[in-house]
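K.L.:
sharing a model that was predicted from the sequence below.
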Amino acid sequence: MKYDYVIVGGGSAGSALANRLSADPANQVLVLEAGRPDRKWDIFIHMPGAFSIPIGNRFYDWKYESEPEPEMGGRKVYHARGKVLGGSSSINGMIFQRGNAMDYQRWAADPGMDTWDYAHCLPYFKRMETCLAGGDEWRGDEGPLVVERGPADSPLFGAFFEAVVQAGYPLTDDVNGFRQEGFARFDRNIHRGRRLSAAQAYLHPVMNRPNLTVITRAMTTKIRFEGTTAVGVEYTKGGQARFAAAKDVICAAGSINTPQLLQLSGVGNAADLQKLGVPVVADVPGVGENLQDHLEVYVQYSCTQPVSMAPALDWWRRPKIGFDWLFRRKGAAATNHFEAGGFIRSNDDVEWPNLMFHFLPIAIRYDGTVPTKGHGYQVHIGPMFSDARGSVKIKSTDPLVKPELRFNYLSTDQDRREWKEAVRAARTILTQPAFDQFDGGELSPGPSVSTDEEILDWVRKDAETALHPCGTAKMGTGPEAVVDPLTMKVHGVEGVRVVDASVMPYVTNGNIYAPVMMLAEKAADLILGNEPLPPSTAGFYRHEP
């Protein structure tokens, strides 16, 4: 059969698109997800406190690595990407951040992007969510994505909020509301003690629609063209090559796999494709360029009082923790522990916050390693608007060969300046009097790291990606743009659209899951030809020097 829409990728954007596009029974929709199903019994996906387990696990994670990064001592930076229905929303840290309103004003300032300003994006943020803290001008209360605010009620969170005020920073009611700048309890994609991924929120409730087909473990290998018009996709399932005919192919495979698929299909920089012997369908030089990401470090402290989450790591406590989660949906496993944080401006040159903090009442890395056997706490910190740009490029015509990822971290003066400011800001907060009763000394980076160069050397050795890659098929009308912002169609070809983090022209201020879901909601209306939601008249906070 010929599908109206073949969606490549059953991740965050793909799940939302599948829901919205299949709402009309006349539309035949196929979702091809290369990863595994997100079974209900798979606790590593659904238990919030277990989110570190899928990361780095070949059953859940594509396990990408960058090429050696020149400004990071030549080391390769590990990149986790979801290899499961729900994509990275099934393995991420469940932090829900829209970004700053000014992020979307920045988007709209690019040629052809005027309908992507904050006023036009806010209605789609509201449509997608049910904010349990309550709906208002800025927050939705009828959407499929339930957003729960962290309790942040332990003594360490109390000290953190007191310390940021002592350091001269404001508190705010809601970082996703009128004012992002400041510190507050964070929204999370957790509902009734379980992770609420995009697949759980959008896809599973409509899986019984007769016009929606979802195939997992189906690797899309190529978009098939007749001339410059797409006619469907080639994919493999169970070791067999298959073909799905389509009126519209929608790439929703993420900022790494989407440009890879386009390049494998002959859409990209013609000179690069010709070197590999890929027949060129359309010369679109921006495919795979403009790669952006967030780096982060952990500033960790030992805690002198037994008030951190460290005891939850004891093996002999795990049966009770598991019992509490399985039967009561409560306890240490029912939260991601990223329950609070905030956003600040690190210098007077920036108009809106350029640093994000996550506070965690335990000292631990994503891979589960700890710097101390005792109690501790930490902040995750990193610049939000690095002007470094990288690329995603195929190095083989084999779809199973991972592309080359170059991020060029720390390659600009702005990047290096803001990293020094970020670490110093974190230390300023964590050494305020509010922490005196808990401060057992800095564990990482430690007292030996103090000068500008020592801070940068530590960042080069220790920083990890915050897992927010985007921008590799950006929207716009300029020479480097890939996607038409009014239709989501790829320039130079017919029948191919992109809807995922690839289309973001600039990375937003915060975790990018919420912006991707907004993109998918807005794109669904553009694809269906629906009347767009009317722009919002709600205001937003602007810093005045």
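P.N.:
That came in fine, so what should we check first?
K.L.:
how long is stretch 131-148 end to end?
P.N.:
The first and last residues of stretch 131-148 sit 7 Å apart, counting by CA to CA, to the nearest Å.
K.L.:
what's the neighbour count on Asp174?
P.N.:
Residues contacting Asp174 under the criterion other CB atoms under 10 Å number 20. For glycine as for every other residue, the C-beta is placed from the backbone atoms N, C-alpha and C.
K.L.:
beta partners for the closest residue to it other than its chain neighbours?
P.N.:
Spatial nearest neighbour of Asp174, excluding adjacent residues (CB to CB, 6 or more residues apart in numbering): Ala184 at 6.3 Å. Taking DSSP bridges, one obtains Gly341 as the residues bridged to Ala184.
K.L.:
so which elements touch the biggest strand by length in the chain?
P.N.:
The residue-count maximum for a strand in the chain (DSSP state E) belongs to strand 240-251. Using 3 or more CB pairs under 8 Å, 6 or more residues apart in numbering; DSSP states H and E as the contact definition, the elements that strand 240-251 packs against are strand 2-8, strand 29-32, strand 218-226, strand 229-237, helix 254-264, strand 496-498.
K.L.:
any idea of the angle that strand forms with strand 229-237?
P.N.:
Counting by axes from the mean of the first three to the mean of the last three CA atoms, to 10 degrees, strand 240-251 lies at 130 degrees to strand 229-237.
K.L.:
strand 240-251: which residues count as buried?
P.N.:
Neighbour counts over strand 240-251 (16 or more other CB atoms under 10 Å) mark Ala244, Ala246, Asp248, Val249, Ile250, Cys251 as buried.
K.L.:
how about the last one, what does it touch?
P.N.:
When you say that, I think you mean Cys251. Cys251 makes contact with Val8, Gly9, Thr258, Leu261, Leu262, Ala473, Val496, Arg497, Val498, Val499, Asp500, Ser502 under the criterion CB atoms under 8 Å, 6 or more residues apart in numbering.
K.L.:
correct me, but Ile190 touches Asn336?
P.N.:
Yes. With contact defined as CB atoms under 8 Å, Ile190 counts as touching Asn336 (6.6 Å).
K.L.:
mind listing the shared neighbours of those two?
P.N.:
When contacts are counted by CB under 8 Å, 6+ apart, Ile190 and Asn336 have Pro48, Met94 as shared neighbours.
K.L.:
ok so, going back, pipe the buried residues of strand 240-251 into JSON lines and attach distance to Arg318 per row.
P.N.:
Below are these laid out as JSON lines (distance: CB to CB, whole Å):
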{"residue": "Ala244", "distance to Arg318": "44"}
{"residue": "Ala246", "distance to Arg318": "47"}
{"residue": "Asp248", "distance to Arg318": "47"}
{"residue": "Val249", "distance to Arg318": "45"}
{"residue": "Ile250", "distance to Arg318": "42"}
{"residue": "Cys251", "distance to Arg318": "41"}
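K.L.:
just those residues now: which is nearest Tyr366?
P.N.:
In terms of CB to CB, no member of those lies closer to Tyr366 than Cys251, at 28.0 Å.
K.L.:
lowest-pLDDT helix or strand in this structure?
P.N.:
One helix or strand of the chain scores below all others by mean pLDDT, DSSP states H and E: helix 318-328, with a mean of 86.
K.L.:
helices and strands around that one, which ones?
P.N.:
Helix 318-328 sits against no helix or strand, with contacts defined as 3+ CB pairs under 8 Å, 6+ apart.
K.L.:
what lies in contact with it?
P.N.:
Helix 318-328 is touched from outside by Ile43, Met47, Gly49, Gly193, Ala312, Lys330, Gly331, Ala332, Ala333, Ala334, with contacts defined as CB under 8 Å, 6+ apart.
K.L.:
if we go to 7 Å?
P.N.:
Helix 318-328 is contacted from outside by Met47, Gly193, Ala312, Lys330, Gly331, Ala332, Ala333, Ala334, using CB atoms under 7 Å, 6 or more residues apart in numbering.
K.L.:
which one is the second one nearest to, not counting chain neighbours?
P.N.:
The spatially closest residue to Gly193, leaving aside those adjacent along the chain, is Arg329, at 2.9 Å (CB to CB, 6+ apart).
K.L.:
re earlier: can I get the buried residues of strand 240-251 in CSV with distance to Asn347 and pLDDT?
P.N.:
Compiled in CSV, those are given as follows (distance: CB to CB, whole Å; pLDDT from 0 to 100):
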residue, distance to Asn347, pLDDT
Ala244, 51, 98
Ala246, 49, 98
Asp248, 45, 98
Val249, 44, 98
Ile250, 40, 98
Cys251, 38, 98
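K.L.:
give me the buried positions along stretch 309-318.
P.N.:
Counting neighbours by 16+ other CB under 10 Å, one finds that the buried residues in stretch 309-318 are Met309, Ala310, Ala312, Leu313.
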